[in-house]
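Asker: Below: sequence and its predicted model.
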Amino acid sequence: MKTVFSPLHSRRHVKTELDGGLLIEPHEKPSRAETILARVKDQALGEVLEPEEFGLEPVRRVHTADYVAFLETCWQDWQAAGKPGEAIPAVWAGRGMRHRLPKDIDGRLGYYSFAAETSISDGTWEAARASANVALTAQKLVAGGERAAFALCRPPGHHAHADLFGGYCFFNNAAIVAQAFRDQGYGRVAVLDVDFHHGNGTQAIFYQCSDVLTLSLHGDPDLVFPHFLGFEDETGEGDGEGYNLNIVYPPNTPYSVWSQGLETACERIAAFQPDALVLALGVDTFEDDPISFFKLTSSDYLTLGERLARLGLPTVFTMEGGYDVDAIGVNAVNVMQGFDRAA
Ligand SMILES: NCCCCCC(=O)NO
Ligand SMILES: [Mg+2]
Ligand SMILES: [Zn+2]
């Protein structure tokens, strides 16, 4: 399987993440992508390519122009306002308040985000743009005939809404890929999110669509991020009714249970008969992940990859979460190796 990777991911090097009332070293750190890349090479998974430049048009097929423009100048605007630290949203429109765009950078940060753990600093924009190009390059490989391609994206994307960042995500790489498939004539696309956390952004972006089926297995939002979306009664709306599936699990869920949900999702995908699959791959489902509570083992990711291959679909993997940096390379590449040996 080919891998797409951009060294520009390292332009995202924020020093802070708001967690537990402290500014900690971010879990979503550059070494995550470097460790996965090293494992790709160590395992000779396949060719590693740098991304092509696709510009902002395919990004704006998913994200609003004003949100994209905000991200482009956020760091400069923050600095121009004389702020001493990294850009962190701290105020949002609560119940009974107005969802209108303020002029001030503090207000704009709140307007365009849903969470406070995702700091912005110099280079975040460049890294997010490169991550989207990585995803679009993988999509081009698959549209060009590759059975599958691994978009080694950093920063991740599945929490990003059309005009909201959060959960370490800015551009929704999986959604951008799904939309690119649709724009290239693929009539139906499925996006399966196996990250520990709900793919709230991906769900929201396609929630009224019947041509993109979104599915996510994740930790109970009553207990974990993103807290306010991802429940099993969210099944789509309008034309999209019936085209969103959430499967929620409690703490300590092992693969033997989690894979039952995977089977349900795969059966739903098979029934949908999509022309392509986007697989939002987080490996924060791992038993030792520092911020999650499932109990998948490294060998389970081989099994996961094999099962995905049996769907028999052109597949783009977009890298999402996973924060046990010592294990992330083995776990992510195990999925690809399991896929390759069953394809
Ligand atoms: N306390 C913030 C947790 C953000 C979750 C990031 C993630 O892994 N999403 O998939
Ligand atoms: Mg998920
Ligand atoms: Zn996650």
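Answerer: Cool, the structure landed. Ligands and ions are numbered 1, 2, ... in the order given.

Asker: Every contact and neighbour count from this point should use C-alpha atoms.
Answerer: Fine.

Asker: And for the closest residue to ligand 3 within the stretch 151-300 of the chain, the neighbour number?
Answerer: When scored by Cα to the ion, the stretch 151-300 of the chain has His197 as its residue closest to ligand 3, at 4.3 Å. Neighbour count of His197, defined by other Cα atoms under 10 Å: 28.

Asker: Return the residues of the stretch 201-343 of the chain in contact with ligand 1.
Answerer: Counting by Cα under 6 Å from any ligand atom, the positions of the stretch 201-343 of the chain adjacent to ligand 1 are 225, 321.

Asker: nope, the stretch 1-150 of the chain is what I meant
Answerer: Within the stretch 1-150 of the chain, the residues that sit near ligand 1 (Cα under 6 Å from any ligand atom) are Glu117.

Asker: Show me where the stretch 1-150 of the chain dips below the pLDDT cut-off.
Answerer: The model of the stretch 1-150 of the chain has no residue with pLDDT under 70.

Asker: on contacts alone, who are the packing partners of the helix ranked longest in the chain?
Answerer: In the chain, with assignment by DSSP state H, the single longest helix is helix 124-143. Applying 3 or more Cα pairs under 8 Å, 6 or more residues apart in numbering; DSSP states H and E, one finds that helix 124-143 contacts strand 2-4, strand 148-151, helix 173-183, strand 315-319.

Asker: Backbone dihedrals for Leu23, both of them.
Answerer: For Leu23, the backbone dihedrals are phi -100, psi 100 (criterion: degrees, to the nearest 10).

Asker: Might one say that it is in contact with Gly85?
Answerer: No: the criterion here is Cα atoms under 8 Å, and Leu23 misses it with Gly85 at 10.9 Å.

Asker: quick one: the strands in this structure?
Answerer: Using DSSP state E, the strands of the chain run over 2-4, 17-19, 22-24, 48-49, 148-151, 189-193, 212-219, 244-249, 253-254, 276-281, 294-295, 315-319.

Asker: Could you export those strands to a markdown table, including columns for distance to ligand 2 and mean neighbour count?
Answerer: Compiled in a markdown table, the strands of the chain are given as follows (distance: least, Cα to the ion, whole Å; neighbours: other Cα atoms under 10 Å):
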| stretch | distance to ligand 2 | mean neighbour count |
| --- | --- | --- |
| strand 2-4 | 22 | 24 |
| strand 17-19 | 21 | 17 |
| strand 22-24 | 24 | 12 |
| strand 48-49 | 26 | 16 |
| strand 148-151 | 17 | 28 |
| strand 189-193 | 4 | 27 |
| strand 212-219 | 4 | 28 |
| strand 244-249 | 8 | 22 |
| strand 253-254 | 14 | 18 |
| strand 276-281 | 8 | 26 |
| strand 294-295 | 12 | 22 |
| strand 315-319 | 12 | 30 |
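
Asker: Save the ones you listed as a markdown table, and put in distance to Val91 too.
Answerer: Shown next, in a markdown table, are the strands of the chain (distance: least, Cα to Cα, whole Å):
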| stretch | distance to Val91 |
| --- | --- |
| strand 2-4 | 37 |
| strand 17-19 | 14 |
| strand 22-24 | 17 |
| strand 48-49 | 40 |
| strand 148-151 | 33 |
| strand 189-193 | 29 |
| strand 212-219 | 26 |
| strand 244-249 | 29 |
| strand 253-254 | 35 |
| strand 276-281 | 29 |
| strand 294-295 | 32 |
| strand 315-319 | 30 |
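
Asker: how close does Gly236 sit to ligand 2?
Answerer: Look at Gly236 and ligand 2: by Cα to the ion, to the nearest Å, they are 16 Å apart.

Asker: nope, Ser256 is what I meant
Answerer: Per Cα to the ion, Ser256 is found 17 Å from ligand 2.

Asker: same thing with Gly55?
Answerer: 28 Å.

Asker: and that residue, what are its phi and psi?
Answerer: Here the main-chain torsion angles of Gly55 (degrees, to the nearest 10) amount to phi 70, psi -170.

Asker: Now do the contacts for it.
Answerer: By Cα atoms under 8 Å, 6 or more residues apart in numbering, the contact set of Gly55 is Asn133.

Asker: Apart from its neighbours in sequence, what residue is nearest Pro331?
Answerer: Let me fix one detail, which is that residue 331 is Asn and not Pro. Leaving aside its sequence neighbours, Asn331 sits nearest to Ser298 (Cα to Cα, 6 or more residues apart in numbering; 5.3 Å).
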